[in-house]
Structures are given as structure tokens and as C-alpha cells.
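J.: Mind looking at a prediction? Sequence and model below.
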Amino acid sequence: MTDTDMLFKKMLIGTRQIIFNAEMSRLVNSGAKTETRRVVPLNKRDRDRFRLDGFDGAFAKFEYAKYRVGDRLWLREPVKILSISHDGLDMTFQYLSDGATATIPVPDRYVCNENYPEEPKWLFAGRGVPNGCLKEMSRTILEVTDVRVERLSDIDYDGMQKEGYQETAMNSVAGLMWFTKIWDATTKSDNNFKDDPYVFVYTFKIVHKKMGIEQ
């Protein structure tokens, strides 16, 4: 393990995961996406009587927000394992967001499959890793810079751009169509855009990217 790898490993200590699909991971890693919206977990009764102003909004940030300002997050993005060394101690994998590849030692907790000693437990060449990469595979660390609560429909053109919308022409209708499509594709049916749920808006910045990744 190189000095750079060791430094990055130390930086991962104390971080929490945040999951994005391949397309959103590409936008995060490129710097185009600096905001994400996540549903405030309210039941139907609480949602009907919830108010953004005053106590409710402040309480939601304190009680329900998964992330706080200053939290550091490792980006859990989709990967596919390409190969595993003959001794089962190293693996090469590919980030599905941009095709970049990297090789790391197999984490100790996965070493030695009792039935197939040359293969790690639960990790197989040619397959993806369920729910995104392992922490040891992560290449990007983010820091939360702001948290607020709003209705999903409150998103404006600036918010769409921060979510990753990249069209050069300032077209809020096209931007809203883009955002609605990606939102509805990745959320539960009772929290679709038309349902206009309350959401946390997490603003973040990249604070470190792992070097030595092959494009």
C-alpha cells in the first residue's frame, strides 16, 4: 500500500457513507453535483400537520437529518469486480460511473472462503458489489456544508444545477423535467415528485479524491 493509500485510509476514519447510483456518482466526482435531496421520514399524520417555519423545520433537522453540517461522507458508488488474484488477497475493480479501475488488498473480513480458499467471502470476479462499493474501495470524501428542509417542489433552477443538471441553455422547464425523471426513478412511489414530500437538502463539497485511479 502506497503512502497516498495510507493517507486516504486514515481520512476515511470517522466518515459515514452516502449512496449514489452510477450517473449521480459521475456528477459528484466531476464536481457538477453539489446537492442531494432526501425525503424527511414523516408518517402520513405528521406530514399533514408539518410546517416548515418555526419549530417543525428546526426539529426535523435535529431529529431526522441523517447528516449534519461538518459531517464527512465517503461516496458509496457502484462497482464491478474485474479480477481477484490467485491467492485471493488482491482484487481489481471498476467504477461503473466512469469506467476507471483500481486494485486494492481484499479487506481482512473477506479473506479466506472456506469452500474456495482462493476466493474472498462474498466477493466474486465478474460481479458487482451489492449496494455499492466497500468503504475500502471508495475514492471520494465529501463534507456537508449546509442542511435545510423544504418542499420538493421548492427546487429552483439553481437547485437543479446543483443537483447536476448540465444543459447550457437556461431552461427551467427542461431542468424540472430532468429532475422529476431522476427523482421518480430512485424514490418510493408515495414520495414521487407529484406527492411533493418534505426533503432535506444536503449541500456538500469534495474534500479529497484518491489518487492513482486508472481512467
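T.: Good, I have the coordinates.

J.: Of all the helix elements in the protein, which one is longest?
T.: helix 172-186 (DSSP state H).

J.: Which other helices and strands does it contact?
T.: Counting contacts by 3 or more Cβ pairs under 8 Å, 6 or more residues apart in numbering; DSSP states H and E, helix 172-186 is packed against helix 157-163. Just so you know, the C-beta spots here come from the backbone N, C-alpha and C atoms, and that holds for glycine as well.

J.: Just the CA trace of the helix it packs on, in CSV.
T.: The C-alpha trace of helix 157-163 is given here as CSV (Å, rounded to 0.1, in the frame of the first residue of the first chain):
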residue,chain,number,x,y,z
TYR,A,157,-33.2,26.4,-11.5
ASP,A,158,-30.1,27.0,-9.3
GLY,A,159,-31.1,23.9,-7.3
MET,A,160,-31.5,21.8,-10.4
GLN,A,161,-28.0,22.8,-11.5
LYS,A,162,-26.6,21.9,-8.1
GLU,A,163,-28.3,18.6,-8.4
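
J.: So for that helix, what gets flagged as buried?
T.: 159-163 (16 or more other Cβ atoms under 10 Å).

J.: Rebuild those as a markdown table, extending it with distance to I182 and pLDDT.
T.: Converted to a markdown table, the buried residues of helix 157-163 look like this (distance: Cβ to Cβ, whole Å; pLDDT from 0 to 100):
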| residue | distance to I182 | pLDDT |
| --- | --- | --- |
| G159 | 13 | 96 |
| M160 | 10 | 96 |
| Q161 | 14 | 95 |
| K162 | 13 | 97 |
| E163 | 8 | 97 |
